[in-house]
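Asks: Need the 3D shape of this:
(2 chains)
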Amino acid sequence: MSVVSGSPRVVYAAAVERLAASVVCALGSADGVFRLRDQLPGSEGMAGLAALRILGPDALAPFVLSGHRFSAEDAEMVAASLRVFPMAAPGAQIASQLEGGVPVRALRDWATGQVLTRLGARGFARPYPRGAGVGRDRGWLRWAVVLAQLSPLASPGVDSPVHAQVRRYPQEVARGVTWAMLRRDYLTAVRLVRWLLAENEPVEDPWFPLEPVMRHVELVAEPNARLLLELAVARRSREGSVS
Amino acid sequence: MTSSAAAAAATAQQVAGRALGWLDAAVEHFTLPEQVPPDQVDADGKIKPLGELALVGSLVIREGAAGHRQAHIAATLVEFAWRQLRGGEVLYELQRANPVTTYPMEVYAPFVRAGYHHRQLAELLAHLGGLRAAQVAELMPNRALAVVNANRTLGLPDRADIATLTARTWLGGTPEPWAVDFLTLYAMTHTVFHLTDWGAHPSGLPNHVQVYLHAWLPAWLEVYLEAGQWDLIAELLIVDLCLTEPDFYPQAWEYLAGAQHADGLVPYGPVRVPREVAKAFRNHYHPTLVAAIAGTLAVSRRMTQATQVPSAAP
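Replies: Just a heads-up that it's a prediction; the model follows:
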């Protein structure tokens, strides 16, 4: 494994890419062992822990979606990342954490706690962010942007007022997919597809088929680890949780 | 919706008024070259713009929603175009020389809508429309609908199966809304224009197509607003106004108004516009003309909506 050097931004970005690629591999197969420690070698130090925080619930997808065993050691890695990069304090929101009135970071942290609790880890659950809006009141476009940032919430077993709004207004989310696809913003498009897959049945509803969107992105987009991770989680979510 | 529709219509009225003012001031640039035989005149560069000038004028007159000044400009634009075409003689000669081509008939239709007629051309078109060849013309589906609509406007019988033709268009197929490009959206807009005769008959659009447009028009508008493609934006706004229940899109109207120049010109896209009207005309007459149509329809649809008596509560 090569060691990336350069500015902290470059080092952290490389760590995120590497962890995302590892998660994609693990999602593709339940064979072998997926351990967070192996994905965050000591040489990366802080960058690896930061990557774990940035990917949030998606870093845990192999445990939730592909049957990899979540161990106490994995829980300790998450705890270490939270010690270095603490969760947002419940109820305490600063302006920079709000996207259209939605506490994106706090919601992602809440979802991480939900997933960890589902995996049997204790002490990570936290209350749903108090007074968190869902962002839809400012129109479908801004809502789509916020939803894309919240794509890790579109994970099996996670439910919230945001999910309820997606179930109620799927066409607005699909409109966001259309907008993103036409702008060649495939990452945003797939993040929104995740929401539609997670919250709407049947997924093959002919009014807005999702499989062609995913296949189109797979064949047309420039691949990168973050995009491939979103696609892999989307596909695995579609097939259903195996844990 | 009511207040946002009113806001959109107010903005649209300003856009249309200013656009008509620019067209009026620039009308000399629509002039046909003198002493050039009709079959040697540049059809796309000269004949088509005159037809479009007649189209905007005929729609302003038809809708009857413009103020006195705009209505006067509309009438003078049609009159100017008709004179340029020597009272329809140029179109007649073109159609005589090219019996299979449809564009002289399509250019003639808005003149008829505005009350202008050329007897010999009308006779020729009635004859050509009755030929079996007219039923099997090799046209793109949305172009075939243009011919159907022109026939309707001219009062000629048309045996076309509109439902089948509609189903063969991109829009009629209600495809993936993200699998579309700039030119395909233009085809889509014209499918709507011809099926509804430029908003006169919203019911000409099948219900499932209306549902489809309500769903995806907002996404297409956002993409091309961001790109500053004002010509297409104005066409998409017309599409909305051809629906049974328009959404009006007040924000899009604000952006379009913001892009319009002080003299009324609407730029085609995010490009630098020459100062001289003679140079600006070539690339920017079309979006200005489309904006005038869109604004006219917005005001008209809003007036209709505002004067409808709400049904009594049970």
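Asks: residue in chain A nearest to chain B?
Replies: A:M181 (3.5 Å; C-beta to the nearest C-beta). Where you see a C-beta, it was placed from the backbone N, CA and C, and this is true even at glycine.
Asks: What residues of the helix or strand of chain B with the lowest mean pLDDT count as buried?
Replies: The weakest-scoring helix or strand in chain B, judged by mean pLDDT, DSSP states H and E, is helix B:132-135 (a mean of 92). Residues B:A134 are the ones in helix B:132-135 that count as buried (16 or more other C-beta atoms under 10 Å in any protein chain shown).
Asks: For residue 72, grab the count of nearby residues.
Replies: Let's take chain A. 9 (other C-beta atoms under 10 Å in any protein chain shown).
Asks: that's the wrong chain, I wanted chain B
Replies: For B:H72, the neighbour count with other C-beta under 10 Å is 14.
Asks: Just the pLDDT for it.
Replies: Here the pLDDT value assigned to B:H72 is 97.
Asks: State the mean pLDDT of the strand or helix carrying A:E73.
Replies: Using DSSP states H and E, A:E73 falls within helix A:72-84. Here helix A:72-84 scores 93 as its mean pLDDT.
Asks: Residues contacting it, please?
Replies: Residues from elsewhere that reach helix A:72-84, judged by C-beta atoms under 8 Å, 6 or more residues apart in numbering or on different chains: A:35-37, A:40, A:46, A:49-50, A:52-53, A:60, A:63, A:112, A:116, A:119, A:121, A:123-124.
Asks: hmm, back to that, look up the closest residue to the residue of chain A closest to chain B, ignoring the ones flanking it.
Replies: Nearest non-adjacent residue to A:M181, counting by C-beta to C-beta, 6 or more residues apart in numbering or on different chains: B:W178, 3.5 Å away.
Asks: List the contacts of the residue of chain A closest to chain B.
Replies: Contacts of A:M181 by C-beta under 8 Å, 6+ apart are A:189, A:213, A:216, B:178.
Asks: Farthest pair within the residues you listed?
Replies: A:A189 and A:H216 (9.0 Å; C-beta to C-beta).
Asks: joint contacts of those two?
Replies: What both A:A189 and A:H216 touch, as defined by C-beta under 8 Å, 6+ apart, is the set A:181, B:178.
Asks: What average pLDDT does stretch B:105-114 get?
Replies: The pLDDT scores in stretch B:105-114 average 98.
Asks: so who does B:G64 touch?
Replies: Applying C-beta under 8 Å, 6+ apart, we find B:G64 in contact with B:71, B:300.
Asks: Look up how far B:V299 lies from it.
Replies: 10 Å (C-beta to C-beta, to the nearest Å).
Asks: Ok, B:D42 next?
Replies: Per C-beta to C-beta, B:D42 is found 34 Å from B:V299.
Asks: ditto for B:R272
Replies: Where B:V299 is concerned, B:R272 sits at a distance of 31 Å (C-beta to C-beta).
Asks: B:W253: how many residues sit nearby?
Replies: 26.
Asks: elements contacting the helix or strand it falls within?
Replies: Assessed by DSSP H and E, B:W253 sits inside helix B:250-259. If you count contacts as 3 or more C-beta pairs under 8 Å, 6 or more residues apart in numbering or on different chains; DSSP states H and E, helix B:250-259 packs onto helix B:2-25, helix B:207-226, helix B:230-241, helix B:277-307.
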